[in-house]
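Peer 1: Sequence unavailable; structure follows:
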């Protein structure tokens, strides 16, 4: 198992990150989850003793949604170097997240009972079920919303049932149940509970064509707050979590902590099935990147033969180095965020290993782009109906004009940084 310094594992990195080494390594050490042994506790104590900026540690933990893991790690290792007021603040934040998680868990169980009473089966994934399954503790994972996977022909009925219970759509335009949308969003204003009703796990242009129908035949039971809930099989969890992280360019450490926690809590994974299914989906690079990041940064356990197979892909190291640096980048202005979005799209393109998969990605992305032409595009160009298809081509030009040359320069720079594999 690789344990230790991610800066060496993923070199080269910027001097700026090297100067923050103690703060970053402490966060990684705590994000591994509750201390499994005295070595991990000693590792947390060692880096905590070198921290110069505890405010930065807390800022990182908030940004990466791992405040409960940070507090748990510092408490379990009995770190005496943490300023008392900082430790108290982290304790209060972790307690608030735990209370929020209990609220969401109650809402999830209520929704499942409602749907079941009307003959609708739903698979909860991520959220409280992942916290219970991977961490064995609802308090250790920051949860933002509830995700439910349904069969496509039952989404509309489930949506109507929840609306009748006081949930409201929170999208301006209702998505159509087609290949370029994959979930419907609802919010329960009194409890500020957000719910996503999924009929697929990713948009078609992302090139993760997982057929959800077989998932229903291999569900596993998870105990959540004393209730037995059916959710995904471990092998399906792993593929979906790695695809989700890759889709978002692993911008939150929480998602790597999820993969690491799942690997730690699942010693009996059927790796042949995982690798075979990844190959069938042409998502070996998505899976490999998630596994190697979790292994190298968070010391997640991987069988030696699986690790050797993962590392056969020469693109992994530069991709992982890029992700590592982006974990601690700052994106404060509109231009940077716009360039980041383009970088993310290019990154997703480079995740495709085969030429035919890259062509598939481009084709579906262009079709998806066309479905998102909006009123601003139409008002800007005023095309007659017979030329409406040109909006797909002209939309990037309008956005480039809106964000200016600075955005273009940032985009070109980001593409250059992502040119790997």
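Peer 2: Okay, I see it. The structure displayed is predicted, hence computed values, not measured ones.
Peer 1: For residue 119, grab the count of nearby residues.
Peer 2: Neighbour count of residue 119, defined by other C-beta atoms under 10 Å: 8. Where you see a C-beta, it was placed from the backbone N, CA and C, and this is true even at glycine.
Peer 1: same check, this time on residue 312
Peer 2: 9.
Peer 1: so what's it up against?
Peer 2: Residue 312 makes no contacts at all, as judged by C-beta atoms under 8 Å, 6 or more residues apart in numbering.
Peer 1: Return the backbone torsion pair for it.
Peer 2: Backbone torsions of residue 312, given as degrees, to the nearest 10, read phi -70, psi -20.
Peer 1: Distance check, it against residue 241.
Peer 2: 22 Å (C-beta to C-beta, to the nearest Å).
Peer 1: which strands and helices sit next to the longest helix seen in the chain?
Peer 2: Determined from DSSP state H, the single longest helix within the chain is helix 84-117. With contacts defined as 3 or more C-beta pairs under 8 Å, 6 or more residues apart in numbering; DSSP states H and E, the packing partners of helix 84-117 are helix 54-63, helix 67-76, helix 127-130, strand 146-149, helix 155-164, strand 193-198, strand 220-224, strand 227-231.
Peer 1: Off-centre distance for the fourth one?
Peer 2: In terms of C-alpha atoms, centre = their mean, to the nearest Å, the centre of strand 146-149 is found 14 Å from the chain centre.
Peer 1: Nearest to residue 269, out of the helices and strands packed on helix 84-117?
Peer 2: Residue 269 lies closest to strand 220-224 among the helices and strands packed on helix 84-117, at 12.1 Å (C-beta to C-beta).
Peer 1: rewinding a little: what's downstream of the longest helix of the chain, the next helix or strand?
Peer 2: Downstream of helix 84-117, the next assigned helix or strand under DSSP states H and E is strand 123-125.
Peer 1: State the paired neighbours of that following strand in the sheet, together with their directions.
Peer 2: Using DSSP bridges, the strands paired with strand 123-125 are strand 146-149 (antiparallel).
Peer 1: who's in contact with the partner strand?
Peer 2: Counting by C-beta under 8 Å, 6+ apart, residues outside strand 146-149 touching it are 104, 107-108, 111, 122-128, 158, 183, 193-199, 201, 212, 215.
Peer 1: Apply 6 Å and report the result again.
Peer 2: For strand 146-149, contacts defined as C-beta atoms under 6 Å, 6 or more residues apart in numbering pick out 108, 122, 123, 124, 125, 126, 127, 195, 196, 197, 198.
Peer 1: roughly how far is the longest helix of the chain from the heart of the chain?
Peer 2: 19 Å.
Peer 1: Could you pull out the buried residues of that helix?
Peer 2: Buried positions in helix 84-117, judged by neighbour count with 16 or more other C-beta atoms under 10 Å: 87, 90, 93-94, 97-98, 100-101, 104-105, 107-109, 111-112, 114-115.
Peer 1: closest one to residue 290 among the helices and strands packed on helix 84-117?
Peer 2: When the helices and strands packed on helix 84-117 are compared by C-beta to C-beta, helix 127-130 sits nearest residue 290, at 14.5 Å.
Peer 1: Who are the packing partners of the closest one?
Peer 2: Judged by 3 or more C-beta pairs under 6 Å, 6 or more residues apart in numbering; DSSP states H and E, helix 127-130 is in contact with helix 84-117, strand 220-224.
Peer 1: Not counting its neighbours along the chain, what's nearest residue 218?
Peer 2: Spatial nearest neighbour of residue 218, chain neighbours left out: residue 233 (4.5 Å); criterion: C-beta to C-beta, 6 or more residues apart in numbering.
Peer 1: Give me the pLDDT for the one you found.
Peer 2: According to the prediction, residue 233 has pLDDT 95.
Peer 1: now do the one 5 residues further on
Peer 2: The score at residue 238 is 95. That number is its pLDDT.
Peer 1: ok, now which ones touch it?
Peer 2: Residue 238 is in contact with residue 274, counting by C-beta under 6 Å, 6+ apart.
Peer 1: do that again at 7 Å, thanks
Peer 2: 262, 274 (C-beta atoms under 7 Å, 6 or more residues apart in numbering).
Peer 1: Pull the residues that contact stretch 131-140.
Peer 2: With contacts defined as C-beta under 7 Å, 6+ apart, stretch 131-140 is touched by 33, 68-69, 72, 98, 101-102, 105, 128, 141, 143, 222-225, 231, 258, 261-262, 265.
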